[in-house]
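S.K.: Starting from these lines, generate the structure:
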Amino acid sequence: MEYTTLGATGVKVSKVCLGTMTFGEQNTEADAHSQLDYALERGISFIDTAEMYPVMPRAETQGATERFIGSWLKRSGKRAGVVLATKVAGPNPNLHWVRGGRNKLDAANIRAAVETSLQRLQTDYIDLYQLHWPSRNVPIFGASAFDPGKERACVAIEDTLAVLGQLQQEGKIRHIGVSNESCWGVSEFIKQAELKGLPRIATIQNLYNLTARHFETSLLDETCFREQVSLLAYSPLAFGQLTAKYLDNPKAHGRMTIFPANWSPRYMRPGVLAAAAQYAALARAHGMTPAQMALAWCYTRWFVGSTIIGATTLAQLKENIDALGTVLAPDVVAQIDAIHASLPNPGQ
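M.R.: Have a look, this model is predicted:
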């Protein structure tokens, strides 16, 4: 395992982070504990979750992921050995069961979210507390263009930072990050922290994979480099499309077949399917599995602090971790870039 430092925090984490959003939906509590045990055996020290998990989000299962991690932490006694990250849900009318739909990123909601996450996780502190998506209007989850017509009332960034600072002082959270953020958002979080003496964000958890490389072209990579904000890359396999399992078998078991087709339509776009087929052919031509190549590419990008991987089986988890040792030859990287140039960001 390789390790890196989160932003300017001095906190070391594994380059591979265990994502857990399948715990409680596709994985039982026993499955979750087995994955956590195996991940730590392989050197993973970084675990990511969220209050709204598992996915797909449902009132009946919300919070189960954190509860499964909490029961594992209690059973294993390994809290001190992991860097634990979770997230607070932002405004979303479709998540009306999370705090009764009161999901603004204000003091009352963030405090309530932190307290319930601590209870479910059975811990006294959260190492990295993240805003799952912005309070303001911003294109996320498949929307690619900013639309001023969708402006809405939102909590000021400095107000959100202020309560996070109070929770830091109380010892309930240690470091903070954002997720699904824009270049403007990162810059504004940094500016308000510096102007008002508030806590500085250390990480940004954004979509990044072979079909979604917008992070490279939106100035986020330069902004985050200069401001020492680490990228936590999520969905590196594009909901399984980059494993080619759906290409090989359209009815393969996974999120794309067990969840409603309209839940994440971006991964069903013709461009994504075409790109996934070309990347799979390239990987196989060079003696790699499609998943191995997609993950190895993500693991070695200079601006990726840690890559969040998820799995429903230990065999998948093993393959995903093993890809860390794969070295991509320069000609393979050149061919990846050529495919990207012909089919740029279909999954963004």
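
S.K.: can you tell me which helix or strand Cys17 belongs to?
M.R.: Secondary structure from DSSP states H and E places Cys17 in strand 16-19.

S.K.: which residues are contacting stretch 334-348?
M.R.: 142, 144, 207, 209-214, 217, 238, 241, 266-267, 269-272, 274-275, 278-279, 282, 293, 297, 328 (CB atoms under 8 Å, 6 or more residues apart in numbering). C-beta here means a position set from N, CA and C on the backbone, and glycine is covered the same way.

S.K.: Can you give me the distance of the residue nearest the centre of the chain to Gln278?
M.R.: Residue closest to the mean C-alpha point of the chain, counted by CA atoms, centre = their mean, is Tyr234 at 3.7 Å. When CB to CB, to the nearest Å is applied, the distance between Tyr234 and Gln278 equals 23 Å.

S.K.: and what of Gly347?
M.R.: From Gly347 to Gln278 the distance is 13 Å (CB to CB).

S.K.: Tell me which of those two has more neighbours.
M.R.: Per other CB atoms under 10 Å, whichever of Gly347 and Gln278 has more neighbours is Gly347, with 26 against 17.

S.K.: how about the strands of the stretch 51-200 of the chain, start to end?
M.R.: Ranges of strands in the stretch 51-200 of the chain, per DSSP state E, counting those that start in this stretch, are 83-88, 126-131, 173-179.

S.K.: neighbours around Ala283, how many?
M.R.: By other CB under 10 Å, 24 other residues sit near Ala283.

S.K.: Quick one: residues contacting the closest residue to it other than its chain neighbours.
M.R.: Spatially, and ignoring its direct neighbours in sequence, Ala283 is nearest to Met293 (3.7 Å; CB to CB, 6 or more residues apart in numbering). Met293 is in contact with Tyr279, Leu282, Ala283, His286, Ala323, Thr326, Leu328, Val332, Ile336, counting by CB under 8 Å, 6+ apart.

S.K.: Determine the three-state secondary structure at Met293.
M.R.: Judged by DSSP: H, G, I helix; E, B strand; the rest coil, the three-state class of Met293 is helix.

S.K.: pLDDT score assigned to it?
M.R.: Met293 carries a pLDDT value of 98.

S.K.: my guess is Gly171 contacts Asp124, does it?
M.R.: Yes: here Gly171 reaches Asp124: they are 7.4 Å apart, a contact under CB atoms under 8 Å.

S.K.: so Trp227 touches Phe189, yeah?
M.R.: Trp isn't right for residue 227; it's Glu. No: taking contacts as CB under 8 Å, Glu227 lies outside contact range of Phe189: 9.1 Å.

S.K.: More neighbours: these two, which one.
M.R.: Taking neighbours as other CB under 10 Å, Glu227 and Phe189 compare with Phe189 leading, 27 against 19.

S.K.: contacting residues for that one?
M.R.: Residues in contact with Phe189, defined by CB under 8 Å, 6+ apart, are Ile157, Leu161, Val178, Glu181, Arg200, Ile201.

S.K.: need the contact list for the third one.
M.R.: When you say that, I think you mean Val178. Gln130, Leu131, Pro134, Gly185, Val186, Phe189, Ile201, Thr203, Ile204, Gln205.

S.K.: hey, what's it bridged with?
M.R.: Counting by DSSP bridges, Val178 forms beta bridges with Leu131, Ile204.

S.K.: Double-check the residue nearest to the centre of the chain against Ala212; I have them as touching.
M.R.: No: judged on CB under 8 Å, Tyr234 makes no contact with Ala212 at a distance of 10.0 Å.

S.K.: Tell me how far the spatially closest residue to Ala145 that is not a sequence neighbour lies from Val327.
M.R.: In space, and not counting its chain neighbours, Ala145 is closest to Pro139: 5.9 Å by CB to CB, 6+ apart. As judged by CB to CB, Pro139 and Val327 stand 35 Å apart.
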